[in-house]
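**Q** Mind folding the following:
(2 chains)
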There are 2 protein chains.
Amino acid sequence: MQFAQLLKDRRSIRDYEPKEVTMDIINEILQEATLAPSASNNQPCRFAVINCRETIKKLSDESKANLLRDFEQKKTNLTPEYADILRNEKFNVFYNAPCLIYVAGPKVVHSLDIDCALAASYIMFAAVARGLGTCWIGLGAHIRDSKLRASMGIDENMRIVVPIIIGYPKEIPAPSARNAPKVLRVISQAR
Amino acid sequence: MQFAQLLKDRRSIRDYEPKEVTMDIINEILQEATLAPSASNNQPCRFAVINCRETIKKLSDESKANLLRDFEQKKTNLTPEYADILRNEKFNVFYNAPCLIYVAGPKVVHSLDIDCALAASYIMFAAVARGLGTCWIGLGAHIRDSKLRASMGIDENMRIVVPIIIGYPKEIPAPSARNAPKVLRVISQAR
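**A** Model (predicted):
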């Protein structure tokens, strides 16, 4: 796929076809994600693949419950509007996508957020190049239950940075509104 | 350019042709970077473009001096080997690239690191699609001199997240060694 088309088709997708995503495709995408740059080529990213709607629903419930608890204890900057959405039992933060990938890594890595975000950008483009859609679901990162974490191999020394859903988009929506680039200053060569 | 080629050509480039990068091309790249996703579509990224080798050299000296001071005061996890490299007056952390872009944003934005990293991934791919090369220079982010910051429009309420150099690569090196994807667990659909 051409870059211009990738740019056009890389949208946050929240409505998916029922079609499953095969592990062959997920493995191809993760292989390409290893090409992302990382600080000092440290490659700290780890991936947990949840290709099971039932488990994804459990993870949605767990993340919502933790986030709402944080909200009630004033430990998060979640808006009251978002809190209301989370209180709706039917709302699945992962939008009933067929597949979810967590990108996580060792808490001790200073550049972990950035390294995982760069890997996520590769996952997004690699998915789009295969006709898939993705969405980064910040609301879905709050997984604290030790059994659930252990089932994904994410131990207490690791932090989940990116929850990203993947599936076949029902449609590719128009881009949400974008501002022009906010260029603070251009310092040009004296000629 | 096809995605497979983008993946192949997106390497960290540290050796550039003397050819300058025009502002027309930089503006195209920044326009495409606005398509990067950001938390709640908040679009917090700001760009400072330094298209001037003399200023880039000043920024290199400033960042090296600050980082070495932090090292001597044990405020950074810089290795002694890196510190030795920084002590070499001839070493330009920006590898004499013709153009440097800082991606910065308001310190109060919680997701700033991630939002800026995603914009940076778009800058990298948009540059490669135009035959340019880039390198994220973590060592070049330590700009504290208030006049230098003001000259770039980066005030004290903003944090520099990404210093990224851009230019025409002398060659595209082979990828540095990559591990296989580190997949912690696959949870598959019960069938």
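
**Q** From here on, just use CA atoms for contacts and neighbour counts.
**A** OK.

**Q** residues near residue A:25, how many?
**A** 14 (other C-alpha atoms under 10 Å in any protein chain shown).

**Q** and it, what helix or strand is that in?
**A** Using DSSP states H and E, residue A:25 sits in helix A:23-33.

**Q** Now do the buried residues in that helix.
**A** Across helix A:23-33, burial judged by 16 or more other C-alpha atoms under 10 Å in any protein chain shown covers A:26, A:29-33.

**Q** pLDDT of the lengthiest helix in chain A, averaged?
**A** Using DSSP state H, we find that the single longest helix of chain A is helix A:53-72. Mean per-residue pLDDT for helix A:53-72: 97.

**Q** on contacts alone, who are the packing partners of the helix or strand following it?
**A** Later in the chain than helix A:53-72, the nearest helix or strand by DSSP H and E is helix A:80-87. When contacts are defined as 3 or more C-alpha pairs under 8 Å, 6 or more residues apart in numbering or on different chains; DSSP states H and E, helix A:80-87 sits against helix A:53-72.

**Q** what does the helix it packs on contact?
**A** A:50, A:76-78, A:83, A:86-87, A:92-94, A:96-100, A:139-145, A:148, B:187, B:189 (C-alpha atoms under 8 Å, 6 or more residues apart in numbering or on different chains).

**Q** try 7 Å this time
**A** A:50, A:76, A:78, A:83, A:86, A:92-94, A:98, A:139-143 (C-alpha atoms under 7 Å, 6 or more residues apart in numbering or on different chains).

**Q** Would you write a ChimeraX line that selects the buried entries of those residues?
**A** In ChimeraX syntax, the buried subset of the contacts of helix A:53-72 is picked out as below (16+ other C-alpha under 10 Å):
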select /A:50,83,86,92,93,94,98,139,140,141,142,143
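
**Q** Which pair of the contacts of helix A:53-72 spans the longest distance?
**A** A:76 and A:98 (28.6 Å; C-alpha to C-alpha).

**Q** What are the buried residues along the longest helix of chain A?
**A** Those buried within helix A:53-72 under the rule 16+ other C-alpha under 10 Å are A:53, A:55-57, A:59-68, A:71.

**Q** Of these, just say which sits nearest to residue B:178.
**A** Comparing every one of the buried residues of helix A:53-72 with residue B:178 (C-alpha to C-alpha), the shortest separation belongs to residue A:56, at 29.7 Å.

**Q** does residue A:186 count as helix, strand or coil?
**A** strand (DSSP: H, G, I helix; E, B strand; the rest coil).

**Q** Can you tell me the closest non-neighbouring residue to it?
**A** residue B:49 (4.7 Å; C-alpha to C-alpha, 6 or more residues apart in numbering or on different chains).

**Q** I'd say that neighbour and residue B:104 touch.
**A** No - Residue B:49 is beyond contact range of residue B:104, at 11.2 Å (criterion: C-alpha atoms under 7 Å).

**Q** Does chain B have contacts with stretch A:106-125?
**A** Yes - with C-alpha under 7 Å from any C-alpha of the partner chain as the measure, stretch A:106-125 is seen reaching chain B through A:113-114, A:117-118, A:121.

**Q** For chain A, what lies in contact range of chain B?
**A** A:1-3, A:30-31, A:34, A:46-52, A:113-114, A:117-118, A:121, A:152-153, A:178, A:180-189.

**Q** can you give me the helices for chain A?
**A** A:3-9, A:23-33, A:53-72, A:80-87, A:112-128, A:146-151.

**Q** Now tell me what touches the first one from outside.
**A** Which is helix A:3-9. A:125, A:128-129, A:172, B:1-3.

**Q** Try it again at 6 Å.
**A** The contact list for helix A:3-9 (C-alpha atoms under 6 Å, 6 or more residues apart in numbering or on different chains) reads residue B:1.

**Q** do the fourth one as well
**A** The contact list for helix A:80-87, computed with C-alpha under 6 Å, 6+ apart, reads residue A:64.

**Q** buried set for it?
**A** Within helix A:80-87, the residues scored as buried using 16+ other C-alpha under 10 Å are A:83, A:86.

**Q** quick one: it to helix A:53-72, angle?
**A** Interaxial angle of helix A:80-87 relative to helix A:53-72 (axes from the mean of the first three to the mean of the last three C-alpha atoms, to 10 degrees): 140 degrees.

**Q** Quick check: mean pLDDT of helix A:80-87?
**A** According to the model, helix A:80-87 has a mean pLDDT of 92.

**Q** starting at the chain centroid, how far to it?
**A** For helix A:80-87, the gap between its own C-alpha mean and the chain's C-alpha mean amounts to 20 Å (C-alpha atoms, centre = their mean, to the nearest Å).
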